[in-house]
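Enquirer: The sequence isn't on hand, but the structure is:
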């Protein structure tokens with residue numbers, strides 16, 4: 001089995017495939033919603049953590065006034081390189097940074113935003129303490145998380161396909177990490193440990209659409225750390241798993257265009273004091 005630390009690696013070919021296939025497949029509707037939520041607080045300085053290839057950054061750069069400073073960070077430089085190559089509608093400060101040790105002063109930002117990144121933090125309470133440290137006293141932490149995998153239909157299909165190829169040691173990146181952090185009690189406790197109080201946790205459903213079943217198969221199998229898990233078992237079987245995933249998506253949703261449910265939450269938190 002691939003080490004769980006491999007869940008954090010979005011290097012090599014993942015960044016380009018992630019942005020080409022996965023971003024339009026599942027991230028764009030949530031990016032627009034997150035940007036509206038952040039803009040509603042009328043912040044002057046915004047920090048985005050785990051920005052990836054910049055889908056939420058692009059939405060934030062459009063939704064926020066031009067005099068609002070926007071700083072976007074990610075642990076993986078290849079993701080930031082892809083984001084910068086795409087660009088934004090106005091200037092953004094891009095910076096490689098680890099959320100576990102943010103290179104910013106205390107009380108520096110009015111809002112910290114994160115789109116589908118908190119699930120990857122190796123110690124969420126410690127990461128949230130860093131968020132709380134850099135937030136201004138009346139600041140807000142706004143982030144998105146995915147619901148359980150059964151409510152995210154393409155991800156569920158791809159996981160079933162990977163299990164069929166490796167029945168004795170199935171790659172479980174998707175249920176373990178992106179879809180493994182959705183319990184409200186647990187999230188409230190992690191935030192509270194960092195001195196933050198959850199203000200709301202709102203479910204948000206959307207549709208994931210693609211022209212062919214191969215698109216979600218390639219997106220998940222080759223454009224996420226699921227690829228790391230597959231290749232750690234047998235690098236020669238990446239194409240086999242992708243083909244099995246394509247067949248499973250087609251079995252469940254037809255030959256295309258395909259349309260599946262995605263479901264996540266938007267969480268807002270502020271200081272306990």
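Expert: Ah, there it is. Predicted model, so just to flag it, every value in this text is computed and none were measured.

Enquirer: avg pLDDT for the host helix or strand of residue 46?
Expert: If you go by DSSP states H and E, residue 46 is part of strand 45-48. Across strand 45-48, the average pLDDT comes to 98.

Enquirer: and that strand, what does it pack onto?
Expert: helix 55-63, strand 69-74, strand 109-115 (3 or more Cβ pairs under 8 Å, 6 or more residues apart in numbering; DSSP states H and E). C-beta here means a position set from N, CA and C on the backbone, and glycine is covered the same way.

Enquirer: Just say which of the ones you listed is most tucked in.
Expert: For these, average neighbour numbers computed from mean count of other Cβ atoms under 10 Å are highest in strand 109-115, which has a mean of 26.

Enquirer: quick one: secondary structure of the closest residue to residue 231 other than its chain neighbours?
Expert: Once flanking residues are discounted, residue 231 sits nearest to residue 238: 6.0 Å by Cβ to Cβ, 6 or more residues apart in numbering. Secondary structure state of residue 238, per DSSP: H, G, I helix; E, B strand; the rest coil, is helix.

Enquirer: before we move on, what about residue 90?
Expert: State at residue 90, reduced to three classes by three-state DSSP: coil.

Enquirer: residue contacts, it?
Expert: Residues in contact with residue 90 (Cβ atoms under 8 Å, 6 or more residues apart in numbering) are 61, 66.

Enquirer: Next, it: phi, psi?
Expert: Residue 90 adopts backbone torsions of phi -150, psi 170, taken as degrees, to the nearest 10.

Enquirer: State the distance from it to residue 101.
Expert: Remark: distance between residue 90 and residue 101 (Cβ to Cβ, to the nearest Å) = 28 Å.

Enquirer: Mind checking what helix or strand follows the helix or strand bottoming out on mean pLDDT in the chain in sequence?
Expert: Taking mean pLDDT, DSSP states H and E as the measure, the helix or strand of the chain with the lowest value is helix 14-17, at a mean of 68. Downstream of helix 14-17, the next assigned helix or strand under DSSP H and E is helix 28-39.
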